[in-house]
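How does the following fold in three dimensions:
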Amino acid sequence: MEVIRVVVVDDHAVVRRGLVELFAGAGDIEVVADVDDGSAALAAVTEQNPNVVLMDLSMPGMNGVEATRQLSEHAPGVAVVILTSFSEQGRILDAIDAGAAGYLLKDAAPDELFRGVRAAAAGEAPFSPRAAKALLNRTAQREATELTHREREVLACVASGLPNKLIARRLGISEKTVKSHLTSVFQRIGVTDRTQAALWAQRHGVA
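Next comes the predicted model:
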């Protein structure tokens with residue numbers, strides 16, 4: 001059995017000690033270093049060559065996001081998994097943009113932490129449900145912003161329940177053009193009919 005080498009980064013000694021003891025019972029996971037800030041994390045990774053780094057976000061000195069960014073540049077083979085109590089979308093997205101491979105919360109059950117470390121070591125991306133939801137929301141927001149102004153107008157009309165003929169009249173375009181825009185909109189937002197498009201528009205503020 002190949003042992004997964006882990007570096008734990010957290011400014012609270014009690015949390016670090018708890019994680020060390022927790023992973024000692026996993027069998028295939030070994031904490032090779034536990035440190036209290038981002039700078040120490042960089043040094044520990046250089047010295048210990050771990051598979052996974054469990055990274056807190058809020059720490060004095062170099063915070064978790066900056067440490068993750070530097071590790072993603074200088075040690076791209078090491079999977080950084082954020083382990084924090086913060087579940088705000090902004091913090092999650094900052095961490096992912098910095099190169100984090102996953103995002104778990106400290107209230108996770110031990111089995112979830114074990115699975116997360118194993119998944120990260122295998123090249124997968126472990127996310128808590130709340131973190132995954134934040135990523136899905138961002139994806140949806142990006143898709144919405146990628147619609148052209150006219151496509152958004154057509155989609156808003158669909159969400160209002162207007163048929164193609166009235167949409168064409170309201171926007172001063174032909175029904176054929178309306179149909180063309182709708183085909184494009186459906187493909188962009190991943191729906192197959194007007195009802196789904198209307199619901200998507202309402203959920204994402206296009207209606």
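
quick one, domains of this protein?
For the chain, automatic domain parsing gives the domain ranges 4-138, 147-203.

and those, which is most packed in?
Using mean count of other C-beta atoms under 10 Å, the stretch among the domains of the chain with the largest mean neighbour count is domain 4-138, at a mean of 18. For every residue, glycine as well, the C-beta is placed using N, CA and C.

so how far is that one off the chain centroid?
13 Å (C-alpha atoms, centre = their mean, to the nearest Å).

returning to what we had before: output the domains of the chain in CSV, with mean pLDDT appended to each entry.
Listed next are the domains of the chain as CSV, based on pLDDT from 0 to 100:
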stretch, mean pLDDT
domain 4-138, 90
domain 147-203, 89
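
what's the closest residue to A41 other than its chain neighbours sitting at in phi/psi?
Leaving aside its sequence neighbours, A41 sits nearest to V9 (C-beta to C-beta, 6 or more residues apart in numbering; 4.3 Å). The phi and psi torsions at V9 (degrees, to the nearest 10) take the values phi -120, psi 110.

Quick check: beta-bridge partners of V9?
Beta-bridge partners recorded for V9 (DSSP bridges): V35, M55.

The particular helix or strand that has V31 in it - contacts with which helices or strands?
Using DSSP states H and E, V31 sits within strand 29-35. Counting contacts by 3 or more C-beta pairs under 8 Å, 6 or more residues apart in numbering; DSSP states H and E, strand 29-35 packs against strand 4-9, helix 13-24, helix 38-48, helix 110-121.

same thing but 10 Å
The elements that strand 29-35 packs onto, with contact taken as 3 or more C-beta pairs under 10 Å, 6 or more residues apart in numbering; DSSP states H and E, are strand 4-9, helix 13-24, helix 38-48, strand 52-55, helix 110-121.

Okay, and the beta partners of the closest residue to A120 other than its chain neighbours?
Leaving aside its chain neighbours, A120 sits nearest to A79 (4.0 Å; criterion: C-beta to C-beta, 6+ apart). Going by DSSP bridges, A79 is paired in beta bridges with V52.

pretty sure A79 contacts R5?
No - assessed by C-beta atoms under 10 Å, A79 is found out of contact with R5, at 11.1 Å.

list the residues that contact both of those two?
P50, N51, V52, V53, A121 (C-beta atoms under 10 Å, 6 or more residues apart in numbering).

which two from the residues you listed end up farthest apart in space?
V53 and A121 (11.0 Å; C-beta to C-beta).

list residues touching both of the two?
Both V53 and A121 are in contact with R5, V6, V78, A79, V81, A101, where contact means C-beta under 10 Å, 6+ apart.

Columns distance to N164 on top of these, output as JSON lines?
Shown next, in JSON lines, are the shared contacts of V53 and A121 (distance: C-beta to C-beta, whole Å):
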{"residue": "R5", "distance to N164": "60"}
{"residue": "V6", "distance to N164": "57"}
{"residue": "V78", "distance to N164": "54"}
{"residue": "A79", "distance to N164": "49"}
{"residue": "V81", "distance to N164": "48"}
{"residue": "A101", "distance to N164": "45"}
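
coming back round to it: could you list the alpha-carbon positions for the strand holding V31 in PDB?
Extracted in PDB, the C-alpha atoms of strand 29-35 (Å, rounded to 0.1, in the frame of the first residue of the first chain):
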ATOM      1  CA  ILE A  29      -2.100   8.700   5.100                       C
ATOM      2  CA  GLU A  30       0.900  10.100   6.900                       C
ATOM      3  CA  VAL A  31       1.300  13.700   8.100                       C
ATOM      4  CA  VAL A  32       5.000  14.400   7.300                       C
ATOM      5  CA  ALA A  33       4.900  18.000   8.600                       C
ATOM      6  CA  ASP A  34       2.500  20.400  10.300                       C
ATOM      7  CA  VAL A  35       3.300  24.100  10.200                       C
END
